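**Q** need coordinates for the below:
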Amino acid sequence: MPHVQRTTLTLVVVGGIVWTSLTLIALQLSEGSAVGFDLELLLQAGRDVAAGRSPYDPAMLAGAAPQSTSLFYSYPPPVAQLLAPFAAIPSAVMLVGWWAGAVAALVIVGEGLRRRLAPERSAARLALAALALAPLVLPFTVGLLFGNLDAWFPFLYGVMVLAVVQPARTTAFGGGIALALASLKLHPASLGLWFLVRGMRGDRHALRVAAIAVAAGILVIVASVLLGGVALWSEYALIVQAGSGADIVDPRNAGPAAVITTLIGGDEPSARAIHVGVGIAAVAVTILAAWRRRDPLESFGWAAAASLATLPVTWYHYPSALIPIALAALLRAPIERRDRVRVLVLAAGVTAAVALPALPLLWVAVALVIAAAVCSSSCEQIDCPSPTSRSLWCSSPR
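**A** Presented below is the predicted three-dimensional model:
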């Protein structure tokens, strides 16, 4: 049997096993309402808006601080307003559509990256690989099982990655829209700083992306106010204020401040103090990466990783946003370093899986994705700061 046919058959078999297993897990979890609960929360917010009610918790509107792990709608009004037209659709049907849409969107991004970075590779085989292997990335799978908004982040971050590696008017428009939509969850807004600094460095394309994101954000807010009035946004401000008082030290929170506080046996005030430093570091990494790192993919990879730590809470499924960075690294890697990049990406996936019961390892998985981006670049694109890093990431020094 030819190699191409064996690869295709393997992907079909693996994909069938993986998706069957995921479906069975979802059916088992559904018996206890443990599947799709995040999506149900979003849909209920949509139903509330459609019925003319507030989607926000009255207790939080009154100033009560929630538990960081409790379920409450805390997104800006446009999220609920976008879901309002789907309010009448059964939740189970919406979850199936959520899965299908998120995976299809990932395949679309993968095709866009293939056309830019590796047009010689088979489009059909890449799409099949994405479909078959995506559920093996556990942060993405958890997002699917929860019905979380982050299931769409591989697509949104992927559109931004496409704008980074393929400067053009269309990609700038798509990247700006993706940045504006992702920023509805707040923490990805730091990527706007990356595009802005990149623009100040002389990259007009990046500046265009940032401008489009700002314009799109303004349009979303204006449309939201026209549809629902200012009251919803006033309530959202109260929710943000109340949410800022939530406890962040929790074994399920992978945020650096929470992890460090747990390791040193600190308390909640300690965690908040530590997060001030973490937030400053995240902004600093974003700015330095934009200004100093010449390779656009590596530079954006650092900023994307930093965006996961800008808020005090980092849930396990957040790093699924880095999938398109890993995919871009795999596609563009030169032949002599292709195996090394594959090992790094595989190690990132395995580490992310092991991190499920050991959350600090999640940041090791993030670091491995960045390492794959560095390794995949040509030596001329990498700012190797030392002979050691040159020998580590490059096949030969510059």
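**Q** low-confidence regions, the stretch 51-200 of the chain specifically.
**A** 67-70 (pLDDT under 70).
**Q** endpoint to endpoint, stretch 116-129 covers what distance?
**A** 18 Å (C-alpha to C-alpha, to the nearest Å).
**Q** give me the most central residue, the protein.
**A** Ala321 (2.3 Å; C-alpha atoms, centre = their mean).
**Q** what about Leu117, distance to Trp19?
**A** Distance, Leu117 to Trp19, using C-beta to C-beta, to the nearest Å: 27 Å. In short, each C-beta sits where N, CA and C put it, glycine included.
**Q** next, give phi and psi for Leu117.
**A** The phi and psi torsions at Leu117 (degrees, to the nearest 10) take the values phi -100, psi -30.
**Q** got a list of what it touches?
**A** By C-beta atoms under 8 Å, 6 or more residues apart in numbering, Leu117 lies in contact with 165, 328, 331-332.
**Q** at 6 Å instead, please
**A** 331-332 (C-beta atoms under 6 Å, 6 or more residues apart in numbering).
**Q** equivalent analysis for Thr310, please.
**A** 187, 190, 282.
**Q** how about Gly36?
**A** 95, 147.
**Q** so it versus Ala80, what's the distance?
**A** 17 Å.
**Q** list the contacts of the host helix or strand of Ala281.
**A** In this structure, Ala281 is located in helix 268-292 according to DSSP states H and E. For helix 268-292, the external contacting residues (C-beta under 6 Å, 6+ apart) are 190, 193-194, 197-198, 201, 247-249, 256-258, 260-261, 299, 302-303, 306, 309-310, 312.
**Q** and those residues, which are buried?
**A** 190, 193-194, 197-198, 247-249, 256-258, 260-261, 299, 302-303, 306, 309-310, 312 (16 or more other C-beta atoms under 10 Å).
**Q** can you flag which of those residues belong to helices?
**A** 190, 193-194, 197-198, 256-258, 260-261, 299, 302-303, 306 (DSSP state H).
**Q** what's the closest of those to Val343?
**A** Trp302 (20.7 Å; C-beta to C-beta).
**Q** next up, the contacts around that closest one.
**A** Neighbour list for Trp302: 285, 289 [criterion: C-beta under 6 Å, 6+ apart].
**Q** separation between it and Leu327?
**A** Trp302 is 17 Å from Leu327, by C-beta to C-beta.
**Q** can you tell me the SS state at the residue nearest to the centre of the chain?
**A** helix (DSSP: H, G, I helix; E, B strand; the rest coil).
**Q** i'd like the first residue to be 282 from this point on
**A** Let's use 282 as the start, then, which means that last one is Ala602.
**Q** for Tyr337, grab phi and psi.
**A** Torsion angles, degrees, to the nearest 10, at Tyr337: phi -100, psi 150.
**Q** do I have it right that it meets Ile520?
**A** Yes: shown here, Tyr337 and Ile520 form a contact pair, counting by C-beta atoms under 6 Å, at 5.2 Å.
**Q** spatially, what comes nearest to Gln522 if we skip its sequence neighbours?
**A** Gly344 (7.6 Å; C-beta to C-beta, 6 or more residues apart in numbering).
**Q** phi and psi next, for the one you found.
**A** phi 110, psi 0.
**Q** distance of it relative to Thr291?
**A** For Gly344, the distance to Thr291 - C-beta to C-beta - is 56 Å.
**Q** name the SS class of Leu637, please.
**A** Going by three-state DSSP: Leu637 is coil.
**Q** quick check: buried residues in the helix or strand encompassing Leu414?
**A** Per DSSP H and E, Leu414 falls inside helix 404-414. Within helix 404-414, the residues that qualify as buried are 407-413, counting by 16+ other C-beta under 10 Å.
**Q** and for it, what's in contact with it?
**A** Residues contacting helix 404-414 (C-beta under 6 Å, 6+ apart): 292, 295-296, 387-388, 391-392, 395.
**Q** find me the pLDDT at Leu673, would you?
**A** According to the prediction, Leu673 has pLDDT 41.
**Q** same question, Glu661
**A** 45.
**Q** what is the helix or strand hosting Val440 packed up against?
**A** Assigned by DSSP H and E, Val440 belongs to helix 434-446. Packed against helix 434-446 by the contact rule (3 or more C-beta pairs under 6 Å, 6 or more residues apart in numbering; DSSP states H and E) you find helix 372-398, helix 450-463, helix 577-588, helix 604-613.
**Q** specify the angle between the shortest one and helix 434-446 in degrees.
**A** Translated: helix 604-613. 50 degrees (axes from the mean of the first three to the mean of the last three C-alpha atoms, to 10 degrees).
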